[in-house]
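Undergrad: Sequence and predicted model, in that order:
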There are 2 protein chains.
Amino acid sequence: MFSKACEYGIKAVIFIATKSYEGVRVSPKEIAKEIDSPQAFTAKILQDLVKHDVINSVKGAYGGFEIDKNNMANIKLAQIVNAIDGDRIYNGCGLGLEKCDENHPCPVHDKFKGVRDELKFMLENTSLEELAMNIKSGASFLKI
Amino acid sequence: MFSKACEYGIKAVIFIATKSYEGVRVSPKEIAKEIDSPQAFTAKILQDLVKHDVINSVKGAYGGFEIDKNNMANIKLAQIVNAIDGDRIYNGCGLGLEKCDENHPCPVHDKFKGVRDELKFMLENTSLEELAMNIKSGASFLKI
DNA sequence: TTTAATTAAGATAAATTTGTCCTAATTAAA
DNA sequence: TTTAATTAGGACAAATTTATCTTAATTAAA
């Protein structure tokens, strides 16, 4: 479904959010440990997320990654996925056709429409805030 | 969503079905041309589909690939996807956790449940027959 | 201003997926 | 039985994704 990079990215952003909620910046090392991912690879993904304005980085000593607490409700899953994997997963053709729409549908176009729309709706309506709250409360988990 | 191999595989099987419906066997060359895919790579995927009993191959002169006409209604998309990509796409965890269920959910487990279930239902209830009929009638297309 | 801690970035490597090529095995027809 | 057409299979190559390592740039604090 998502690339490994995207899976790590989503988990990393959620973890950063839980810490930023407490006003604490985190390093790639802490993040990788918490989400069980390769550290250097995770750092690359974080760079990408910074470029796409999903998270913020503070360079130098006492720096780290953080997310504006007041913005967590506005950041949606779609934005994170889009930053790393693009929008192909919920906007592209299920069979990879360049041109695929109502007028020239691939064999599974209609069958996929419902799934794709639901996926898109879910990604666009799930906020980072709720995902982070569920981690904090122990309702969901980032690893194992 | 699906791998390239799976995209080619699905299209190939649909094309073979349309031809088998007319009692005609097809070669990897014809298939690749019809679905706009790399021929040798497509041939490998066909081998896989034969091993998984999705399609049948007849070796030697006047051979080719075919599908039992009376079985097209029983072959579901899920069977094709499973043969090539496995069941991870509709049974695995959205964030790649080894262990992810109601008791130990990943952050998007509940959010994904609906999408995954709908995808699974769609794959398990879409028959090769209907996909092939739509190609034959010109209601859907295998390329461009 | 120097130092230590930290993110950014580039080069490289490993693994996986995608794709190609050549030869072997099979089989219907001549 | 020989031939020609065809799938099967193995070796290899290219592209992409995943992952690592090293150095540069940045910055707060001493």
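TA: Looks like it came in fine. Please read all numbers here as calculations on a predicted model, not as lab measurements. Residues are numbered from 1 along each chain as shown, chains lettered A, B, ... in the order given.

Undergrad: give me the number of residues near A:P28?
TA: The number of residues packed near A:P28 is 20, by other Cβ atoms under 10 Å in any protein chain shown. (Glycine included, C-beta is placed from N, CA and C.)

Undergrad: confidence score at it?
TA: Per-residue confidence at A:P28 stands at 98 (pLDDT).

Undergrad: Then the one 5 residues further on?
TA: Reading off the per-residue confidence, A:K33 sits at a pLDDT of 98.

Undergrad: With A:E98 instead?
TA: On the pLDDT scale, A:E98 is placed at 97.

Undergrad: Next: A:F141.
TA: pLDDT, A:F141: 98.

Undergrad: Just list whatever residues bridge to the residue nearest to it when sequence neighbours are not counted.
TA: Closest residue in space to A:F141, ignoring its immediate chain neighbours: B:H104 at 5.8 Å, by Cβ to Cβ, 6 or more residues apart in numbering or on different chains. B:H104 has the following beta-bridge partners by DSSP bridges: B:D101.

Undergrad: And for B:H104, the neighbour number?
TA: 12.

Undergrad: got a pLDDT number for it?
TA: Looking at B:H104, the pLDDT reads 98.

Undergrad: For DNA strand D, see how far away it is.
TA: To DNA strand D, B:H104 is 22 Å away according to Cβ to the nearest atom of the strand, to the nearest Å.

Undergrad: how far away is A:L77 from A:I10?
TA: 7 Å (Cβ to Cβ, to the nearest Å).

Undergrad: ugh, wrong one, I meant A:A73
TA: Taking Cβ to Cβ, one finds A:A73 at 17 Å from A:I10.

Undergrad: what comes up buried for stretch A:122-138?
TA: Neighbour counts over stretch A:122-138 (16 or more other Cβ atoms under 10 Å in any protein chain shown) mark A:122-123, A:126-129, A:131-135 as buried.

Undergrad: now stretch A:95-115
TA: Within stretch A:95-115, the residues scored as buried using 16+ other Cβ under 10 Å are A:95-97, A:100, A:105-109, A:111-112, A:115.

Undergrad: Name the residues of chain A found near DNA strand D, please.
TA: Selection of chain A residues close to DNA strand D by Cβ under 7 Å from any atom of the strand yields A:3-5, A:8, A:37-41, A:43-44, A:58-63.

Undergrad: so how far is stretch A:96-115 from its chain's centroid?
TA: From the chain centre to the centre of stretch A:96-115 is a distance of 26 Å (Cα atoms, centre = their mean, to the nearest Å).
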